[in-house]
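# coords below, sequence missing:
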């Protein structure tokens, strides 16, 4: 990447020994652009170059790290410090990332007795989250476009709730002071925030490294003077992957009635197992397919893992991730990667506690068992329940199946306003009929249709004559 001469590369490596060989041309080119081909970069030049790419609050925090806190600012920053910011944020150790955090907030990074006001660290996290959402919008990758083109937006209020969800447990005690130990513990168990931090700074250091307009090139040529030969701009763009999945199935619905925003979808997907995060498949919307429990089931059976999103009549939004295909059964199914979540008024996820395995349940037309679909808890005390009588739901005050759970709906028994269901990951491939010929009767080949007839309350009165299996 780039065409650094061997001598330039050697000098750069000597100045910035923390950089890996593959990073040298990226950092050199980025510094050349922000410093206008100087060996020192001024604060105003850096902010002019990067300012539109991030939240203004993060810009202020970055200047604290690079140029020092207000009252003791230096007039410029040199390449080694500029490179440190990249290394510490993109692939830094826990101590290096804590150093960036404390320095950005105007604290002494070496002090073990540092205390930070909780609202200040919360604002820092919100600035990173806001900058992350801005970065993926500016990059306009296929994942972002697949949602944005169908009416999903980035809502400021939801960004704030996402940030609060990432930082709410940074303080263990009932105090508003965050110690260095608190911050270290919080960072070590917060992969979503670390991925956002890495993406934001990868975006900043890659900004305009590849494509410069002809006008920008002309201005750079003038500023650089004709006597100096510029190093060439890298020709290979680095692809930055988001935590958004690719949205599939809304191609023919340009005016989809979304009641969630992109930061909420990102939050859910970031908690889904990594192997399933690449794609969401649209399966059901009560606003499109109607308010029918049998229609809902007919569209979600045999679809693999799913995400349910429910809005109650009070505007609370919540749901769950189910790990197994939905199928009629008197038994619980699923595994401990399932979780419940709430998006409004708070954004939280509730992972499996391990206390029991009551992850998902679906039954219909039974006299002695509950009829509907549920996740967590137990019969009549569900973490999330949608009754077969469409429009009625329930969230208990507590649920032992999921850790940290609290009642997600506004009231224990609620009325449904909206329901959405998404298949997560690729659709499961059914076994071919040829593989089943030796063990299945032809009367079993239309089992899906028979199940949907049963769901809708219609019975099949005869299975016909079934031959005995041959020896």
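Perfect, thanks for sending it. Quick caveat, the model's predicted, so the values are computed rather than measured.
# Need the mean per-residue confidence for the one helix or strand residue 184 maps to.
Using DSSP states H and E, residue 184 maps to helix 180-188. For helix 180-188, the mean pLDDT works out to 91.
# Show me the contact partners of it.
Helix 180-188 has contacts (Cβ atoms under 8 Å, 6 or more residues apart in numbering) with 94, 97-98, 101-102, 111-114, 116, 121, 167, 169-172, 193-194. All C-beta atoms are positioned from the backbone trio N, CA, C, and that covers glycine.
# Any stretches of the stretch 351-471 of the chain with poor pLDDT?
431-471 (pLDDT under 70).
# my bad, the stretch 1-150 of the chain
Ranges of the stretch 1-150 of the chain meeting pLDDT under 70: 1-7.
# can you map out the strands along it?
Here the stretch 1-150 of the chain has its strands, by DSSP state E, counting those that start in this stretch, at 40-42, 76-78, 115-117.
# JSON lines for the ones you listed, including mean neighbour count and distance to residue 281?
Below are those laid out as JSON lines (neighbours: other Cβ atoms under 10 Å; distance: least, Cβ to Cβ, whole Å):
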{"stretch": "strand 40-42", "mean neighbour count": "18", "distance to residue 281": "46"}
{"stretch": "strand 76-78", "mean neighbour count": "19", "distance to residue 281": "47"}
{"stretch": "strand 115-117", "mean neighbour count": "16", "distance to residue 281": "43"}
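# With distance to residue 251 added, can I get those in CSV?
As requested, the strands of the stretch 1-150 of the chain are exported to CSV (distance: least, Cβ to Cβ, whole Å):
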stretch, distance to residue 251
strand 40-42, 45
strand 76-78, 47
strand 115-117, 47
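# And those: which comes nearest residue 364?
strand 115-117 (53.3 Å; Cβ to Cβ).
# what residues does that closest one touch?
Strand 115-117 has contacts (Cβ under 8 Å, 6+ apart) with 102, 105, 107, 176-179, 183.
# Highest neighbour count among these?
Most neighbours among these, by other Cβ atoms under 10 Å: residue 178, with 24 neighbours.
# which SSE is it in?
Going by DSSP H and E, residue 178 is in strand 177-179.
# Likewise for residue 268?
Counting by DSSP H and E, residue 268 is part of helix 262-271.
# For that helix, give the mean pLDDT please.
Mean predicted confidence for helix 262-271 is 97.
# Report the buried residues of it.
Neighbour counts over helix 262-271 (16 or more other Cβ atoms under 10 Å) mark 262-271 as buried.
# Among those residues, which pair sits farthest apart?
Within the buried residues of helix 262-271, two members stand farthest from each other by Cβ to Cβ: 262 and 271, at 15.5 Å.
# so what secondary structure elements neighbour the lengthiest helix in the chain?
Taking DSSP state H as the criterion, the chain has its longest helix at helix 118-139. On a contact count with 3 or more Cβ pairs under 8 Å, 6 or more residues apart in numbering; DSSP states H and E, helix 118-139 meets helix 56-67, helix 94-104, helix 142-148, helix 156-167, strand 177-179, helix 191-206, helix 262-271.
# Flag every buried residue along it.
Applying 16+ other Cβ under 10 Å to helix 118-139 flags 118, 121-136, 139 as buried.
# quick one, phi psi at residue 283?
Torsion angles at residue 283 (phi, psi; degrees, to the nearest 10) stand at phi -120, psi -50.
# do residue 350 as well
Torsion angles at residue 350 (phi, psi; degrees, to the nearest 10) stand at phi -120, psi 100.
# Who is the nearest residue to residue 423 once chain neighbours are set aside paired with across the strands?
Nearest non-adjacent residue to residue 423, counting by Cβ to Cβ, 6 or more residues apart in numbering: residue 281, 3.8 Å away. In this entry, residue 281 is beta-bridged to residue 248, residue 423, by DSSP bridges.
# In contact with residue 281, which residues are there?
248-249, 303, 422-424, 427 are the contacts of residue 281 under Cβ under 8 Å, 6+ apart.
# Let me know how buried residue 280 is, in neighbour terms.
Residue 280 has 27 neighbours, counted by other Cβ under 10 Å.
# now swap in residue 38 and tell me
Residues near residue 38, counting by other Cβ under 10 Å: 14.
# Okay, and the beta partners of residue 307?
Applying DSSP bridges, one finds that residue 307 bridges with residue 321, residue 422.
# okay, it: pLDDT?
For residue 307, the predicted pLDDT is 98.
# do the one 4 residues further on as well
On pLDDT, residue 311 comes in at 98.
# which stretch of helix or strand covers it?
For residue 311, the host element (DSSP H and E) is strand 306-312.
# How far away from the center of its chain is that strand?
The chain centre lies 16 Å from the centre of strand 306-312; the measure is Cα atoms, centre = their mean, to the nearest Å.
# what's the angle from that strand to helix 262-271?
140 degrees (axes from the mean of the first three to the mean of the last three Cα atoms, to 10 degrees).
# residues in contact with strand 306-312?
With Cβ under 8 Å, 6+ apart, strand 306-312 has contacts from 259-260, 268, 272, 280, 283, 300, 317-322, 326, 343, 375, 384, 386, 393, 409-411, 414-424.
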